[in-house]
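Novice: Sequence plus predicted model, see below.
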Amino acid sequence: MSCHQGHACRSIVVCPNDILSAGVAHTEEKICFGDETNEVFVYRFIWSKVEIIGLELEQYLKIFPQSSISQPLKEVEDRMERWLEGKEKVQEYDAYLQFITNELFAFRMTHFLFNDSVSLKIASTLPPPIITRVFICHACEHLSFGPYGGVPGFGSSSSPIEFKWLKEIEGIWAVNQAVKEYIEIYVKGLSPTYLPLHPAIFGESPFKMYHNFDAPYVLAINPGSVKGFVIFRELAEKMKDIQFAVGA
């Protein structure tokens, strides 16, 4: 258990194993999600005064393959939705739910913050008011309703059971005004709170200024159609004198 500004914080994430090549002190264990072949390394370490539980990325993705807008995995998405709704037992999801639940109670948490459908189901099983459950919405695609609801690659579904769970939890945190307005426009009965992300999330100031406008190309980082990249690409195609690169 670690403390950050007076609060203990434990973060459960997926992480590549190369983060450990940086020489971070850590412990290592193996767990199985359902079938014994579904092994995942679990790394435990401290990063920026926060206790991290890291599930090895490549192993995790073999068990829980992720859709994307360009490569939607409909069978995977439909299976997750049936599990969310209790229509199908999926042993790897059941084992993952149990693993996360055990970690949360071992930490003796008072608040559970999350932003995906599987965690929303986990939250629905936790006992209020002992635990305050807060859904952090960074983008409309994390929601199950509206024109962007259930978009592949955002860990969400289009199941109406998600709306039921969102009504039952203690808070919905919209990180910008646009997300708050989206929720209010496309669904009734939810009361999101707009709170911008704290500047501390970007590290300690002063921030380095690169002033690299003389670089030979313009880099587009993690572009996507929902972010308006189609518009940007058409613009880039007309700027023949400038080179563009794309980074994931």
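Specialist: Alright, I've got the coordinates. Please read these numbers as outputs of a predicted model, since none were measured by experiment.
Novice: For stretch 83-95, which residues meet the burial criterion?
Specialist: 83-84, 90, 93, 95 (16 or more other C-beta atoms under 10 Å). (Each C-beta comes from the backbone N, C-alpha and C, glycine too.)
Novice: show me the contacts for the closest residue to Trp83 other than its chain neighbours.
Specialist: Spatial nearest neighbour of Trp83, excluding adjacent residues (C-beta to C-beta, 6 or more residues apart in numbering): Val90 at 4.4 Å. Val90 is in contact with 34, 79-80, 82-83, counting by C-beta atoms under 8 Å, 6 or more residues apart in numbering.
Novice: where's Val90 relative to Arg82, distance?
Specialist: Per C-beta to C-beta, to the nearest Å, Val90 is found 8 Å from Arg82.
Novice: model confidence over stretch 88-103, on average?
Specialist: What stretch 88-103 shows for mean pLDDT is 97.
Novice: Pull it out as CSV, backbone CA atoms only.
Specialist: What follows is stretch 88-103 as a C-alpha-only set of coordinates in CSV (Å, rounded to 0.1, in the frame of the first residue of the first chain):
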residue,chain,number,x,y,z
GLU,A,88,-23.4,-17.0,-20.9
LYS,A,89,-20.8,-18.1,-18.5
VAL,A,90,-17.3,-17.3,-19.7
GLN,A,91,-14.7,-18.7,-17.3
GLU,A,92,-11.9,-16.3,-18.2
TYR,A,93,-14.2,-13.3,-17.4
ASP,A,94,-15.4,-14.9,-14.3
ALA,A,95,-11.8,-15.6,-13.1
TYR,A,96,-10.8,-12.0,-14.0
LEU,A,97,-13.8,-10.6,-12.0
GLN,A,98,-12.7,-12.7,-9.0
PHE,A,99,-9.1,-11.6,-9.3
ILE,A,100,-10.0,-7.9,-9.4
THR,A,101,-12.5,-8.3,-6.6
ASN,A,102,-9.9,-10.0,-4.4
GLU,A,103,-7.4,-7.3,-5.1
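Novice: Can you pull out the low-pLDDT segments for the chain?
Specialist: 1-6, 19-22, 199-203, 222, 224-227, 247-248 (pLDDT under 70).
Novice: buried set for the top strand by length along it?
Specialist: Secondary structure of the chain per DSSP state E: the longest strand is strand 39-47. Neighbour-count burial for strand 39-47 flags 40-43, 45 (criterion: 16+ other C-beta under 10 Å).
Novice: now stretch 109-119
Specialist: Neighbour count says stretch 109-119 has 109, 112-115, 117-119 buried, by 16+ other C-beta under 10 Å.
Novice: and those, which of them are in helices?
Specialist: Per DSSP state H, helices hold the following members of the buried residues of stretch 109-119: 117-119.
Novice: Which parts of the protein are strands?
Specialist: Counting by DSSP E, the chain has strands at residues 3-4, 7-8, 10-15, 26-32, 39-47, 50-56, 111-114, 132-137, 171-174, 193-194, 217-221, 243-247.
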